[in-house]
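S.K.: with the input below, show me the fold.
(chains A and B)
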Amino acid sequence: NAGVTQTPKFQVLKTGQSMTLQCAQDMNHEYMSWYRQDPGMGLRLIHYSVGAGITDQGEVPNGYNVSRSTTEDFPLRLLSAAPSQTSVYFCASSYSGASAYEQYFGPGTRLTVT
Amino acid sequence: TQLLEQSPQFLSIQEGENLTVYCNSSSVFSSLQWYRQEPGEGPVLLVTVVTGGEVKKLKRLTFQFGDARKDSSLHITAAQPGDTGLYLCAGSLTGTASKLTFGTGTRLQVTL
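M.R.: Residues are numbered from 1 along each chain as shown, chains lettered A, B, ... in the order given. Sure, this is the predicted structure:
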């Protein structure tokens, strides 16, 4: 049981390049989310999904696209990278537990845009 | 404007000291969670509180949810170097249980 996996772990992009951050979970969780973490700002929600085929925007969605074709996978696409997207990106999955949607996080992808 | 404010932002203490971290908001949350994050890793869930006034204990960690469900605190007794990390609170607003709003974080360093 690998939990939540993310690839790559590190990435450097030039401004204007596109790329996809991969996220997969093997816990059969219905909910998946993408966050970015910047110094002094905690984690901010980019996009989330409540099930295969269903996605919605979070707090900071601009410049990012997502899709959810399977329960297991939730890739995050950067359409045209900008220096402001330099950050650490975390994918998380969750389920409707006894009391709340407790999140399980992947190890993160550290992205630098030059 | 940050929905969840944590204080203090940074805390450096010696082993054996006690400390309290606060998580405050003007909004009411249906539940609140605390996570700990170590460098280079994702956050790991410590506890979830859902009832106003609820107190939960996890070994030397005590978590409390405010009566009005707008604030929470984390108290660590006799801190150890292994407690070092970034502590994050996160809340679910009523009606949006699947979306979490995270606080700004408290970075704790415990030295020998």
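S.K.: nearest spatial neighbour of whichever residue of chain B sits closest to chain A, chain-adjacent residues omitted?
M.R.: Going by Cβ to the nearest Cβ, chain A is nearest to B:G42 of chain B, at 3.1 Å. Any C-beta I mention is one placed from the backbone N, CA and C, and that applies to glycine too. Once its chain neighbours are removed from consideration, B:G42 has its nearest residue in A:F105; the separation is 3.1 Å (Cβ to Cβ, 6 or more residues apart in numbering or on different chains).
S.K.: tell me what the one you found is bridged to.
M.R.: In this structure, A:F105 has beta-bridge partners A:A92, where bridges are defined by DSSP bridges.
S.K.: hmm, A:Y89 and it touching each other?
M.R.: No: applying Cβ atoms under 8 Å as the test, A:F105 and A:Y89 come out as separate, 10.8 Å apart.
S.K.: check whether stretch B:14-30 contacts chain A.
M.R.: Yes: with Cβ under 8 Å from any Cβ of the partner chain as the threshold, stretch B:14-30 lies in contact with chain A, specifically through B:S30.
S.K.: for that stretch, what is the distance to the chain centroid?
M.R.: Relative to the centre of its chain, stretch B:14-30 is centred 5 Å away, using Cα atoms, centre = their mean, to the nearest Å.
S.K.: list of residues touching that stretch?
M.R.: When contacts are defined by Cβ atoms under 8 Å, 6 or more residues apart in numbering or on different chains, stretch B:14-30 is touched by residues A:100, B:3-8, B:11, B:13, B:32, B:34, B:50, B:68-81, B:87, B:89, B:91-95, B:97, B:103, B:106, B:108, B:110-112.
S.K.: can you show me the CA trace of that stretch as CSV?
M.R.: In CSV, the C-alpha atoms belonging to stretch B:14-30 read as follows (Å, rounded to 0.1, in the frame of the first residue of the first chain):
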residue,chain,number,x,y,z
GLN,B,14,14.4,23.9,25.0
GLU,B,15,13.6,20.3,25.7
GLY,B,16,11.3,19.8,28.7
GLU,B,17,9.4,23.1,28.2
ASN,B,18,5.7,23.4,27.7
LEU,B,19,4.1,25.3,24.8
THR,B,20,0.8,26.2,23.3
VAL,B,21,0.0,27.0,19.6
TYR,B,22,-3.2,28.8,18.7
CYS,B,23,-5.4,28.7,15.6
ASN,B,24,-8.1,31.4,15.4
SER,B,25,-10.8,32.5,12.9
SER,B,26,-13.9,34.6,12.7
SER,B,27,-15.6,31.8,10.9
VAL,B,28,-17.3,28.7,12.3
PHE,B,29,-15.9,25.4,11.3
SER,B,30,-17.7,22.0,11.3
